[in-house]
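Peer 1: Model the following, please.
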Amino acid sequence: TTYRWKSVSVTAAANFPACVVNASSLPLQYAWKLYKGTTYLPLVQSASKDPRVFKIDAYTLDASSTYTAAVTVSIDTAEGISVTDSVLLQVGRSGVNAVLAGGVASTASTLENITLDASSSSDLDYPTTGVLTYAWSCIEFSPAYGGACDGFPTSAAASSSSLSIASGSMPAYVYTVGVTVTNTAGKSASTSLQLTVLEERIPSVSIAALTSTKFNAAEKLILSGTVTAGTDTAMTAQWSSADIPALATQPLGIALTPLAKAIGGNQQGQGVSFQLAIAANSLTAGLKYTFALGAAYTTAAAGAAGASVQVEILMNEAPKGGKITVTPASGSAIFTEYLFAASLWSDDAA
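Peer 2: Residues are numbered from 1 along each chain as shown. Coordinates of the predicted model:
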């Protein structure tokens with residue numbers, strides 16, 4: 001079984017019987033055909049330059065479908081000797097990637113409209129054309145855990161990809177807001193964030209939605225934040241991570257960009273970009289990290305709460321548990337054809 005978002009490679013291994021003494025002078029020719037059910041698909045051609053390999057690019061096949069890849073191996077002789085074999089390809093139906101802007105925690109003000117946005121969610125099989133439905137939920141986290149969320153929309157508006165909450169509608173509490181995203185096949189995924197609603201006016205802070213929450217440790221990590229003032233007051237913005245205490249002092253050069261930024265006044269309503277870049281090989285594979293972007297007006301009273309948003313990322317681990325085999329184990333240079341096979345490797349689907 002494979003999935004539409006994965007590329008597929010099928011390799012044909014053809015060998016002459018031991019009695020054929022001039023095998024090296026008889027080049028093999030490979031002809032591939034792909035069928036969906038019993039229908040031949042002439043437009044689907046191999047993306048591999050190796051004639052022994054039939055490679056199909058991701059998003060070529062249809063989900064919930066069965067295909068047959070057939071290969072005919074022949075010798076270019078007058079006798080027209082050939083042999084055919086085939087393999088069945090079962091394409092399953094994947095689920096949904098639910099994405100909620102604002103990361104895992106966000107701050108809002110009762111004095112401003114609150115917008116919740118799940119429009120970056122996608123159908124894994126049909127990321128650009130898949131039709132999705134949305135169901136929003138909310139429970140009070142503090143001061144009364146599990147209580148109803150007064151003022152949270154429950155009408156038809158709560159079924160769209162974004163949700164707007166009018167200023168002053170919800171009390172200044174802490175909430176857990178969730179969204180369940182479902183595709184036309186009935187597959188669904190859910191995500192949530194902790195929303196802290198304050199009574200004072202605060203800047204607007206956001207981190208651009210991540211196309212993936214998993215990253216390779218050997219690559220540089222870049223988070224893109226935006227800070228917007230609701231008044232003409234100067235602000236300060238700060239990146240931090242409770243999981244990386246050394247990030248603040250940067251003794252190892254983990255952060256490649258400044259962690260703090262002073263933003264002058266007279267920029268009301270103008271989003272100011274503020275990125276965080278983390279050096280490659282600074283984070284540990286397999287671990288989760290939470291990064292926070294906070295902002296506050298410089299005129300705010302000491303101890304006053306500012307705005308903040310947090311995102312959580314997971315560092316990818318390498319596949320493990322597998323082996324590589326070579327068949328045959330020995331042979332002659334030039335004359336022997338070897339097959340290298342990697343098997344029993346395991347990794348998560350992300």
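Peer 1: Low-confidence bits of the stretch 1-150 of the chain, can you list those?
Peer 2: Filtered on pLDDT under 70, the stretch 1-150 of the chain yields the residue ranges 20-25, 77-79.
Peer 1: Apply 50 and report the result again.
Peer 2: For the stretch 1-150 of the chain, no stretch has pLDDT under 50.
Peer 1: Show the pLDDT at the residue positioned nearest the centre of the chain.
Peer 2: Taking CA atoms, centre = their mean as the criterion, Ser212 is the residue nearest the geometric centre of the chain, at 2.6 Å. pLDDT for Ser212: 73.
Peer 1: quick one: secondary structure of it?
Peer 2: The three-state assignment at Ser212 reads coil, by DSSP: H, G, I helix; E, B strand; the rest coil.
Peer 1: Roughly how far does it sit from Ile244?
Peer 2: Noted for Ser212: a distance of 20 Å to Ile244, by CB to CB, to the nearest Å. For the C-beta atoms, the positions are set from N, CA and C on the backbone; glycine is no exception.
Peer 1: Same check on Asn15?
Peer 2: Distance from Asn15 to Ile244, by CB to CB: 54 Å.
Peer 1: Between those two, point out the one with more neighbours.
Peer 2: Neighbour count, other CB atoms under 10 Å: between Asn15 and Ile244, Ile244 has more, with 18 against 14.
Peer 1: all helices for the stretch 101-250 of the chain, in order.
Peer 2: Along the stretch 101-250 of the chain, no segments are classed as helices by DSSP state H, counting those that start in this stretch.
Peer 1: Centre of the chain to stretch 310-321, how far?
Peer 2: 11 Å (CA atoms, centre = their mean, to the nearest Å).
Peer 1: how long is that stretch from one end to the other?
Peer 2: 34 Å (CA to CA, to the nearest Å).
Peer 1: Can you give me the buried ones in that stretch?
Peer 2: Buried residues in stretch 310-321, counted by 16 or more other CB atoms under 10 Å: 310-311, 313-316.
Peer 1: could I get those residues as CSV with distance to Leu34?
Peer 2: As requested, the buried residues of stretch 310-321 are exported to CSV (distance: CB to CB, whole Å):
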residue, distance to Leu34
Gln310, 46
Val311, 41
Ile313, 38
Leu314, 36
Met315, 37
Asn316, 31
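Peer 1: so who does the residue nearest to Asn97 when sequence neighbours are not counted touch?
Peer 2: Spatial nearest neighbour of Asn97, chain neighbours left out: Ser122 (5.1 Å); criterion: CB to CB, 6 or more residues apart in numbering. For Ser122, the contact set (CB atoms under 8 Å, 6 or more residues apart in numbering) comprises 96-97, 99, 130, 132.
Peer 1: what's the most distant pair in those residues?
Peer 2: Val99 and Gly130 (13.5 Å; CB to CB).
Peer 1: Looking at the two now, which is surrounded by more residues?
Peer 2: The residue with more neighbours, out of Val99 and Gly130, is Val99; 21 against 16, by other CB under 10 Å.
Peer 1: mind checking the SS state of the more buried one?
Peer 2: coil.
Peer 1: doesn't Ala118 make contact with it?
Peer 2: Yes - using CB atoms under 8 Å, Val99 is in contact with Ala118, at 6.5 Å.
Peer 1: any common contacting residues for those two?
Peer 2: Here Val99 and Ala118 have Thr191 as joint contacts, going by CB under 8 Å, 6+ apart.
Peer 1: if we can go back for a sec, what's the spacing between the residue nearest to Asn97 and Ser65?
Peer 2: Taking CB to CB, one finds Ser122 at 20 Å from Ser65.
Peer 1: and if you look at Leu314?
Peer 2: With CB to CB as the criterion, Leu314 and Ser65 are 31 Å apart.
Peer 1: ditto for Phe274
Peer 2: Remark: distance between Phe274 and Ser65 (CB to CB) = 46 Å.
Peer 1: between the two, who's got more neighbours?
Peer 2: The neighbour comparison of Phe274 against Ser65 (other CB under 10 Å) goes to Phe274, with 23 against 14.
Peer 1: What are the buried residues along stretch 106-118?
Peer 2: Applying 16+ other CB under 10 Å to stretch 106-118 flags 106-110, 114, 116-118 as buried.
Peer 1: before we move on, what about stretch 165-183?
Peer 2: 165, 169-170, 173-183.
Peer 1: out of these, which are inside strands?
Peer 2: 165, 174-183 (DSSP state E).
Peer 1: Gly95: how many residues sit nearby?
Peer 2: 18.
Peer 1: That one reaches Ser190, doesn't it?
Peer 2: No - using CB under 8 Å, Gly95 is not in contact with Ser190; the gap is 10.8 Å.
Peer 1: so what's Gly151 closest to, chain neighbours aside?
Peer 2: Ser169 (3.5 Å).
Peer 1: looking at it, that neighbour is touching Cys149, isn't it?
Peer 2: No - assessed by CB under 8 Å, Ser169 is found out of contact with Cys149, at 9.8 Å.
Peer 1: Pull the contacting residues for Thr2.
Peer 2: Thr2 neighbours (CB under 8 Å, 6+ apart): 8, 61, 89-92.
Peer 1: Dump the residues you listed to a markdown table, plus neighbour count, distance to Thr299 and secondary structure.
Peer 2: A markdown table is the format used below for the contacts of Thr2 (neighbours: other CB atoms under 10 Å; distance: CB to CB, whole Å; DSSP: H, G, I helix; E, B strand; the rest coil):
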| residue | neighbour count | distance to Thr299 | secondary structure |
| --- | --- | --- | --- |
| Val8 | 20 | 60 | strand |
| Leu61 | 24 | 59 | coil |
| Leu89 | 19 | 64 | strand |
| Gln90 | 11 | 63 | strand |
| Val91 | 21 | 59 | strand |
| Gly92 | 13 | 57 | coil |
